[in-house]
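Student: Quick one, fold the following:
(one chain, ligands or ions: 1)
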Amino acid sequence: MSAPATALRQGTAQDAERFALVGQATFLESYAGLLPVEDILAHGQRQHAARAYAAWLDDPAWRCWLIEATTGGAPVGFMTVGPSDLPLADHDPADLEIKRLYLLHRFQGLGLGRAMLEQAYAFARERARPRILLGVYSRNEAALSFYAKMGFTQVGDRRFRVGAHEYYDYVLGRAP
Ligand SMILES: CC(C)(COP(=O)(O)OP(=O)(O)OC[C@H]1O[C@@H](n2cnc3c(N)ncnc32)[C@H](O)[C@@H]1OP(=O)(O)O)[C@@H](O)C(=O)NCCC(=O)NCCS
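Tutor: Modelled structure (predicted):
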(Lines give C-alpha, C1' and ligand atoms only; values in the text may rest on other atoms or scores of the structure.)
Protein backbone atom coordinates (compact mmCIF):
# COMPACT_ATOMS: atom_id res chain seq x y z
CA MET A 1 0.00 0.00 0.00
CA SER A 2 1.46 3.38 -0.93
CA ALA A 3 1.87 5.96 1.84
CA PRO A 4 -0.85 8.62 2.19
CA ALA A 5 -0.01 12.27 1.40
CA THR A 6 1.62 14.20 4.22
CA ALA A 7 2.48 17.76 5.22
CA LEU A 8 5.35 19.11 7.35
CA ARG A 9 4.79 21.92 9.86
CA GLN A 10 6.38 23.48 12.92
CA GLY A 11 4.95 22.24 16.23
CA THR A 12 3.17 24.58 18.65
CA ALA A 13 2.38 24.48 22.38
CA GLN A 14 -0.93 22.77 21.51
CA ASP A 15 0.84 19.76 19.93
CA ALA A 16 2.39 17.99 22.95
CA GLU A 17 -0.05 15.03 22.79
CA ARG A 18 0.64 14.57 19.09
CA PHE A 19 4.41 14.46 19.69
CA ALA A 20 3.97 12.01 22.57
CA LEU A 21 1.82 9.75 20.40
CA VAL A 22 4.18 9.66 17.42
CA GLY A 23 7.22 9.57 19.73
CA GLN A 24 6.03 6.40 21.46
CA ALA A 25 4.79 4.78 18.24
CA THR A 26 8.03 5.34 16.33
CA PHE A 27 10.20 4.31 19.30
CA LEU A 28 8.31 1.01 19.62
CA GLU A 29 8.45 0.40 15.86
CA SER A 30 12.18 1.19 15.69
CA TYR A 31 13.35 -0.84 18.70
CA ALA A 32 10.91 -3.78 19.04
CA GLY A 33 13.07 -6.87 18.52
CA LEU A 34 16.23 -4.98 19.53
CA LEU A 35 15.54 -3.76 23.09
CA PRO A 36 13.66 -5.40 26.01
CA VAL A 37 10.02 -4.31 26.37
CA GLU A 38 10.63 -3.12 29.95
CA ASP A 39 13.17 -0.60 28.64
CA ILE A 40 10.84 0.49 25.82
CA LEU A 41 7.99 1.00 28.33
CA ALA A 42 10.15 2.94 30.79
CA HIS A 43 11.63 5.10 28.05
CA GLY A 44 8.21 5.83 26.58
CA GLN A 45 6.69 6.82 29.93
CA ARG A 46 9.56 9.17 30.81
CA GLN A 47 11.04 10.49 27.58
CA HIS A 48 7.91 10.51 25.43
CA ALA A 49 5.47 11.92 28.00
CA ALA A 50 3.35 14.80 26.69
CA ARG A 51 4.74 17.03 29.47
CA ALA A 52 8.31 16.43 28.21
CA TYR A 53 7.30 17.59 24.72
CA ALA A 54 5.28 20.49 26.20
CA ALA A 55 8.47 21.78 27.87
CA TRP A 56 10.36 21.74 24.56
CA LEU A 57 7.46 23.31 22.66
CA ASP A 58 7.30 26.15 25.21
CA ASP A 59 11.05 26.85 25.13
CA PRO A 60 12.23 29.41 22.52
CA ALA A 61 15.66 27.69 22.41
CA TRP A 62 13.92 24.65 20.90
CA ARG A 63 12.08 24.02 17.66
CA CYS A 64 9.99 20.96 16.84
CA TRP A 65 8.32 19.76 13.65
CA LEU A 66 5.54 17.31 12.86
CA ILE A 67 4.74 15.39 9.71
CA GLU A 68 1.02 14.66 9.50
CA ALA A 69 -1.20 12.69 7.17
CA THR A 70 -3.10 15.18 5.03
CA THR A 71 -6.27 13.15 5.51
CA GLY A 72 -7.23 13.04 9.17
CA GLY A 73 -4.14 14.87 10.46
CA ALA A 74 -2.57 11.94 12.36
CA PRO A 75 1.13 12.47 13.12
CA VAL A 76 3.48 10.10 11.23
CA GLY A 77 6.89 11.63 11.94
CA PHE A 78 8.62 14.34 13.95
CA MET A 79 11.88 16.08 14.75
CA THR A 80 12.98 18.03 17.84
CA VAL A 81 16.01 20.34 17.85
CA GLY A 82 17.54 22.22 20.78
CA PRO A 83 20.74 23.11 22.65
CA SER A 84 23.26 20.27 22.71
CA ASP A 85 24.27 18.49 25.91
CA LEU A 86 26.27 15.78 24.14
CA PRO A 87 29.51 14.83 25.94
CA LEU A 88 32.05 16.01 23.38
CA ALA A 89 35.67 16.92 24.09
CA ASP A 90 35.18 20.03 21.92
CA HIS A 91 31.74 20.87 23.38
CA ASP A 92 30.53 24.25 22.12
CA PRO A 93 27.42 25.72 23.81
CA ALA A 94 26.45 27.22 20.44
CA ASP A 95 26.00 23.76 18.86
CA LEU A 96 22.47 22.58 18.12
CA GLU A 97 21.37 18.98 18.60
CA ILE A 98 18.75 16.98 16.77
CA LYS A 99 17.29 15.19 19.79
CA ARG A 100 14.77 13.10 17.88
CA LEU A 101 14.09 12.38 14.22
CA TYR A 102 11.67 9.55 13.57
CA LEU A 103 9.15 8.47 10.95
CA LEU A 104 6.69 5.60 11.02
CA HIS A 105 7.98 2.82 8.79
CA ARG A 106 5.36 3.33 6.06
CA PHE A 107 6.56 6.92 5.65
CA GLN A 108 10.30 6.20 5.43
CA GLY A 109 12.25 6.38 2.17
CA LEU A 110 10.06 9.14 0.71
CA GLY A 111 12.36 12.11 1.24
CA LEU A 112 10.66 13.18 4.50
CA GLY A 113 13.79 12.65 6.63
CA ARG A 114 15.77 14.87 4.27
CA ALA A 115 12.97 17.48 4.35
CA MET A 116 13.07 17.56 8.17
CA LEU A 117 16.88 17.85 8.21
CA GLU A 118 16.61 20.85 5.87
CA GLN A 119 14.37 22.52 8.49
CA ALA A 120 17.05 21.84 11.12
CA TYR A 121 19.78 23.37 8.91
CA ALA A 122 17.62 26.46 8.29
CA PHE A 123 16.95 26.84 12.05
CA ALA A 124 20.69 26.55 12.79
CA ARG A 125 21.57 29.15 10.13
CA GLU A 126 18.86 31.47 11.45
CA ARG A 127 20.41 31.25 14.94
CA ALA A 128 24.01 31.38 13.57
CA ARG A 129 24.82 27.98 15.11
CA PRO A 130 28.12 26.48 13.86
CA ARG A 131 27.24 22.79 14.03
CA ILE A 132 24.33 20.35 14.13
CA LEU A 133 24.92 17.26 16.26
CA LEU A 134 23.00 14.09 17.04
CA GLY A 135 23.44 10.79 18.85
CA VAL A 136 22.52 7.58 17.06
CA TYR A 137 22.52 3.99 18.30
CA SER A 138 25.67 2.34 16.97
CA ARG A 139 23.64 -0.67 15.72
CA ASN A 140 21.05 1.42 13.85
CA GLU A 141 22.58 0.69 10.44
CA ALA A 142 19.78 2.27 8.41
CA ALA A 143 19.97 5.58 10.28
CA LEU A 144 23.78 5.57 10.07
CA SER A 145 23.58 5.12 6.28
CA PHE A 146 21.02 7.91 6.02
CA TYR A 147 23.12 10.35 8.07
CA ALA A 148 26.28 9.46 6.10
CA LYS A 149 24.39 10.24 2.90
CA MET A 150 23.25 13.55 4.43
CA GLY A 151 26.88 14.56 5.07
CA PHE A 152 27.18 13.79 8.80
CA THR A 153 30.47 12.40 10.11
CA GLN A 154 31.36 10.93 13.49
CA VAL A 155 32.63 13.50 16.01
CA GLY A 156 32.39 11.44 19.20
CA ASP A 157 30.43 8.80 21.11
CA ARG A 158 28.36 8.41 24.28
CA ARG A 159 26.53 5.95 26.50
CA PHE A 160 22.75 6.36 26.22
CA ARG A 161 20.37 5.06 28.90
CA VAL A 162 17.12 3.43 27.77
CA GLY A 163 15.16 2.06 30.75
CA ALA A 164 17.53 -0.06 32.86
CA HIS A 165 20.29 -0.47 30.25
CA GLU A 166 22.97 1.65 28.62
CA TYR A 167 23.64 1.56 24.89
CA TYR A 168 26.59 2.73 22.83
CA ASP A 169 25.82 5.65 20.51
CA TYR A 170 27.88 7.47 17.92
CA VAL A 171 27.76 11.26 17.97
CA LEU A 172 27.59 12.69 14.45
CA GLY A 173 27.83 16.27 13.26
CA ARG A 174 27.93 18.59 10.28
CA ALA A 175 27.84 22.31 9.52
CA PRO A 176 24.39 23.63 8.67
C1 LIG B 1 16.34 7.58 9.45
C2 LIG B 1 15.14 8.30 8.84
C3 LIG B 1 14.80 9.56 9.64
C4 LIG B 1 15.48 8.71 7.40
O5 LIG B 1 14.37 9.38 6.81
P6 LIG B 1 13.77 8.90 5.40
O7 LIG B 1 12.62 9.77 5.06
O8 LIG B 1 13.52 7.44 5.47
O9 LIG B 1 14.99 9.18 4.42
P10 LIG B 1 14.89 9.97 3.01
O11 LIG B 1 13.85 9.30 2.18
O12 LIG B 1 14.72 11.43 3.26
O13 LIG B 1 16.32 9.67 2.43
C14 LIG B 1 17.25 10.68 2.11
C15 LIG B 1 18.42 10.04 1.43
O16 LIG B 1 19.05 9.11 2.32
C17 LIG B 1 19.08 7.82 1.71
N18 LIG B 1 18.79 6.80 2.70
C19 LIG B 1 17.74 6.77 3.55
N20 LIG B 1 17.78 5.63 4.28
C21 LIG B 1 18.86 4.96 3.84
C22 LIG B 1 19.44 3.70 4.17
N23 LIG B 1 18.89 2.92 5.09
N24 LIG B 1 20.55 3.31 3.51
C25 LIG B 1 21.12 4.08 2.56
N26 LIG B 1 20.62 5.28 2.18
C27 LIG B 1 19.50 5.70 2.82
C28 LIG B 1 17.99 7.83 0.67
O29 LIG B 1 18.26 6.92 -0.36
C30 LIG B 1 18.00 9.26 0.20
O31 LIG B 1 19.01 9.46 -0.76
P32 LIG B 1 18.64 10.08 -2.21
O33 LIG B 1 17.90 11.35 -1.94
O34 LIG B 1 19.95 10.26 -2.87
O35 LIG B 1 17.76 9.07 -2.84
C36 LIG B 1 13.89 7.38 8.79
O37 LIG B 1 14.13 6.31 7.93
C38 LIG B 1 13.46 6.86 10.15
O39 LIG B 1 12.65 7.49 10.83
N40 LIG B 1 13.98 5.67 10.56
C41 LIG B 1 13.57 5.04 11.80
C42 LIG B 1 13.88 5.85 13.02
C43 LIG B 1 15.32 6.18 13.18
O44 LIG B 1 16.19 5.29 13.14
N45 LIG B 1 15.60 7.46 13.42
C46 LIG B 1 16.93 7.96 13.67
C47 LIG B 1 17.21 7.86 15.11
S48 LIG B 1 18.74 8.70 15.48
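
Student: can we go C-alpha only for contacts and neighbour counts from here?
Tutor: Noted.

Student: What strand or helix carries the spatially most central residue of the chain?
Tutor: With distances taken as Cα atoms, centre = their mean, residue 100 lies nearest the centre of the chain, 1.4 Å away. Per DSSP states H and E: residue 100 is located in strand 96-103.

Student: got the contact list for the closest residue to residue 12 other than its chain neighbours?
Tutor: In space, and not counting its chain neighbours, residue 12 is closest to residue 57: 6.0 Å by Cα to Cα, 6 or more residues apart in numbering. Contact partners of residue 57, counting by Cα atoms under 8 Å, 6 or more residues apart in numbering, are 11, 12, 13, 15, 16, 63, 64.

Student: what's the answer for residue 150, then?
Tutor: Contacts of residue 150 (Cα under 8 Å, 6+ apart): residue 114.

Student: At the contact with the ligand, which residues of this protein appear?
Tutor: 30, 101-103, 108-114, 136, 142-143, 145-146, 149 (Cα under 6 Å from any ligand atom).

Student: so what's the backbone phi/psi at residue 164?
Tutor: Here is the backbone geometry of residue 164 (degrees, to the nearest 10): phi -90, psi 0.

Student: Roughly how far does it sit from residue 26?
Tutor: 20 Å (Cα to Cα, to the nearest Å).

Student: With residue 139 instead?
Tutor: Computed as Cα to Cα, the residue 139 to residue 26 distance reads 17 Å.

Student: more neighbours, the two?
Tutor: When residue 139 and residue 26 are compared for neighbours, residue 26 comes out ahead with 19 against 13, by other Cα atoms under 10 Å.

Student: Run through the residues that contact the nearest residue to the more buried one once chain neighbours are set aside.
Tutor: Spatial nearest neighbour of residue 26, excluding adjacent residues (Cα to Cα, 6+ apart): residue 104 at 5.5 Å. For residue 104, the contacting residues are 22, 25, 26, 29, 76, 77, by Cα under 8 Å, 6+ apart.

Student: Run a quick check on residue 80 versus residue 116, I expect a contact.
Tutor: No: the criterion here is Cα atoms under 8 Å, and residue 80 misses it with residue 116 at 9.7 Å.

Student: Thank you kindly, that will do.
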